[in-house]
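1. Quick one, what's the 3D model for this:
(chains A, B, C and D)
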Number of protein chains: 2
Amino acid sequence: MTAAKLKPREPAFELPYTTVDVVILSIRDGKLCVLLVKRPDSKSEPFPGRWALPGGFVDVECDKDLESCAIRKLKEKTGVSSPYLEQLGSWGSADRDPRGWSATHVYLALIPSIDVELVSGGNAPEAGWFEVGETGVSVKLAFDHKTLLSAALARVRSKVEYTSLPVHLVQEPFTLTDLQRAYEIVLGRPVNKAAFRTRVLSANIVESTGEFRGGQARPAELFRHARGHDEIAYFPRTFSPRS
Amino acid sequence: MTAAKLKPREPAFELPYTTVDVVILSIRDGKLCVLLVKRPDSKSEPFPGRWALPGGFVDVECDKDLESCAIRKLKEKTGVSSPYLEQLGSWGSADRDPRGWSATHVYLALIPSIDVELVSGGNAPEAGWFEVGETGVSVKLAFDHKTLLSAALARVRSKVEYTSLPVHLVQEPFTLTDLQRAYEIVLGRPVNKAAFRTRVLSANIVESTGEFRGGQARPAELFRHARGHDEIAYFPRTFSPRS
DNA sequence: CTGATAAGTCGCACAATACGACTATTGTGC
DNA sequence: GCACAATAGTCGTATTGTGCGACTTATCAG
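-> Got it, this is the predicted structure:
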């Protein structure tokens, strides 16, 4: 790729880099986890060998907009093509990337806790799921990705209190108990069963499939996301346990 | 400015433009208003003469990060230097700017309803306040600014229900009635006085100055933003009138 | 002194819900 | 076949928060 490829543009001042990063969260083994990829080991790259959020430069040739770019990167890493995806925000400064002024548009994706085929091997970077604790992951992250991850966690933990967001962390069909577990994992505290069920059912965010799943006990009714509820629903009040 | 100014960079693929736009809202004459600037009339510019949100290219020479850039643009237009400022999101696509692939980082600013000295005249663009209705302003906007403004209004109207956000629309010192008016203007409906006062006071978002303002009636206690509450507070419940 | 005006308070009724305790429905071991 | 374990799902109530109308308080004008 040469400078000849650069279309002459007006104004001819220096342009920042534009990137997209995706915070992909999922529940694995009862823990909230984030998907990280290992940066290439080449010394010409910043943060070689360091773990990072999946992401990279916007490709003006193939990305028609920012969201498409985020979806492309998600698809490349996980094979998942239609997750819950929302924009988290953008971070841009002179020093967040050693290569120069850069701005990243960060997306938050939630995917169900199924076995995602991590697209790895070949020249694709190594990828893996990392449990997130109170503040983030235990490994050191590249760039300002620690900040981005913190922001994502704050957003998710805040929204759990008053939205139907965790619906997107469970695989359809699911039982109300499955859904309650997802809430509890993200909230980090138990939730009363009766109160939880009234809330969820009266908000019409899920609908019955009519099917039941049996275990060694009474079979549980199976639900799916309510049709026409691709977006998350807002509860009028937060989950607030009695003191 | 010539191509020589362009620092050679690796990778040498085409970079999107990076801009920052600011949605500046204020209450004027009891109406929610947005600040717009007129685009230059030169034919070499996109959307000549059209009204637009204040904003423009990130200047990698003087802007250390995106927020500084937003603050700079706000200062240039209004003279206000420390408003309530939050990031709204980013919009980027191949076709939102006729000059090429561009991504804009949009900030939302709330400023008190004082007489802002609109910095205008000379070669500075014409600027003015426009009342926003249900969906936006009555004039046609440049670029995708209609979308950006809609998003800003949706954010504000949603947050009014459960946060202390309108605190930043009133000039200190203010009475509780002043604050209630701000809520009512953004909400578009009346609020019960007693309920409003309990909520606001128990949330500790304002504190008394000890001063009083007299009119032809009983003097009202004057308040200011509570110290240590630069950010907005979240109420546990939404304003919800009885049906 | 009286009335107008707006600030600020009080108390009740109502609605939502957190929660523990209850019932219901299945599988399993004896 | 019966007791029991395990989990699903419901019920009733105590408690909390708050919406709202009506009240009291404080000031000014005439």
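
2. and the longest strand along chain A with strand B:17-28, angle?
-> Ranked by number of residues, the top strand in chain A under DSSP state E is strand A:17-28. Strand A:17-28 runs at 80 degrees relative to strand B:17-28, counting by axes from the mean of the first three to the mean of the last three CA atoms, to 10 degrees.

3. gap between the host helix or strand of A:Glu207 and the chain center?
-> Assigned by DSSP states H and E, A:Glu207 belongs to strand A:206-213. Centroid separation for strand A:206-213 versus its chain: 26 Å, with CA atoms, centre = their mean, to the nearest Å.

4. Flag every buried residue along that strand.
-> A:Val206 (16 or more other CB atoms under 10 Å in any protein chain shown). The way it works is simple: take the backbone N, C-alpha and C, and place the C-beta from them, glycine included.

5. pLDDT score for A:Asn192?
-> pLDDT recorded at A:Asn192 is 95.

6. give me the number of residues near the nearest residue to it once chain neighbours are set aside?
-> Leaving aside its sequence neighbours, A:Asn192 sits nearest to A:Pro241 (CB to CB, 6 or more residues apart in numbering or on different chains; 7.6 Å). The tally of other residues near A:Pro241 (other CB atoms under 10 Å in any protein chain shown) stands at 9.

7. where exactly do the strands run in chain A?
-> Counting by DSSP E, the strands of chain A are A:17-28, A:31-38, A:51-52, A:55-57, A:84-93, A:102-110, A:127-131, A:206-213, A:220-225.

8. Tell me the buried residues in the worst-scoring helix or strand of chain A on mean pLDDT?
-> In chain A, no helix or strand scores lower on mean pLDDT, DSSP states H and E than helix A:66-78, which sits at a mean of 91. Under the neighbour-count criterion of 16+ other CB under 10 Å, helix A:66-78 has A:66-74, A:76-78 buried.

9. So what's the gap between that helix and the chain middle?
-> Worked out by CA atoms, centre = their mean, helix A:66-78 lies 11 Å from the chain centre.

10. just stretch A:223-237 next, same as before
-> With CA atoms, centre = their mean, you get 18 Å for stretch A:223-237.

11. how far does it stretch from start to finish?
-> For stretch A:223-237, the first-to-last residue distance is 23 Å (CA to CA, to the nearest Å).

12. and what of stretch A:195-213?
-> 22 Å.

13. What of stretch A:55-74?
-> 8 Å.

14. Spell out which residues of chain A are next to DNA strand D.
-> Contact residues, chain A versus DNA strand D (CB under 7 Å from any atom of the strand): A:175-177, A:193-194, A:197, A:212, A:215-221, A:242.

15. of these, buried ones?
-> For the residues of chain A next to DNA strand D, buried by 16+ other CB under 10 Å: A:175-176, A:220.

16. Relative to DNA strand C, which of those residues is nearest.
-> Comparing those against DNA strand C with CB to the nearest atom of the strand places A:Ala220 closest, at 10.0 Å.

17. if we can go back for a sec, what comes into contact with the least confident helix or strand of chain A?
-> A:20, A:22, A:24, A:35, A:37, A:54-56, A:58-59, A:62-63, A:80-81, A:83, A:85, A:87, A:105, A:107, A:109, A:111, A:116-119, A:124, A:127, B:90-93, B:103 (CB atoms under 8 Å, 6 or more residues apart in numbering or on different chains).

18. same thing but 7 Å
-> For helix A:66-78, contacts defined as CB atoms under 7 Å, 6 or more residues apart in numbering or on different chains pick out A:20, A:22, A:24, A:35, A:37, A:54-56, A:58, A:63, A:80-81, A:83, A:85, A:105, A:107, A:109, A:111, A:116, A:118-119, A:127, B:90, B:92, B:103.

19. what does stretch A:131-138 give?
-> A:31-34, A:130, A:146, A:149-150, A:153.

20. repeat for stretch A:158-165
-> Counting by CB under 7 Å, 6+ apart, A:156, A:166, A:183, A:186-187, A:203, A:205, A:232-235, A:238-239 sit against stretch A:158-165.

21. quick one: which of these sit in helices?
-> The helices, defined by DSSP state H, take in A:156, A:183, A:186-187 from these.

22. Surely A:Ser42 is in contact with A:Pro48?
-> Yes. Proximity of A:Ser42 to A:Pro48 meets the contact threshold set by CB atoms under 7 Å, at 6.1 Å.

23. of the two, who's got more company?
-> A count of neighbours by other CB under 10 Å puts A:Pro48 above the other of A:Ser42 and A:Pro48, at 13 against 8.

24. Read off the pLDDT value for the more buried one.
-> 92.

25. And the nearest residue to it once chain neighbours are set aside, how far from A:Glu126?
-> Spatial nearest neighbour of A:Pro48, excluding adjacent residues (CB to CB, 6+ apart): A:Asp41 at 5.0 Å. Going from A:Asp41 to A:Glu126 by CB to CB, to the nearest Å gives 10 Å.

26. what's the answer for A:Leu176, then?
-> Distance from A:Leu176 to A:Glu126, by CB to CB: 37 Å.

27. same check, this time on A:Val58
-> With distances taken as CB to CB, A:Val58 is found 23 Å from A:Glu126.

28. Which one of the two is surrounded by more residues?
-> Neighbour comparison, A:Val58 and A:Glu126: the larger count goes to A:Val58, with 27 against 14 (by other CB under 10 Å).
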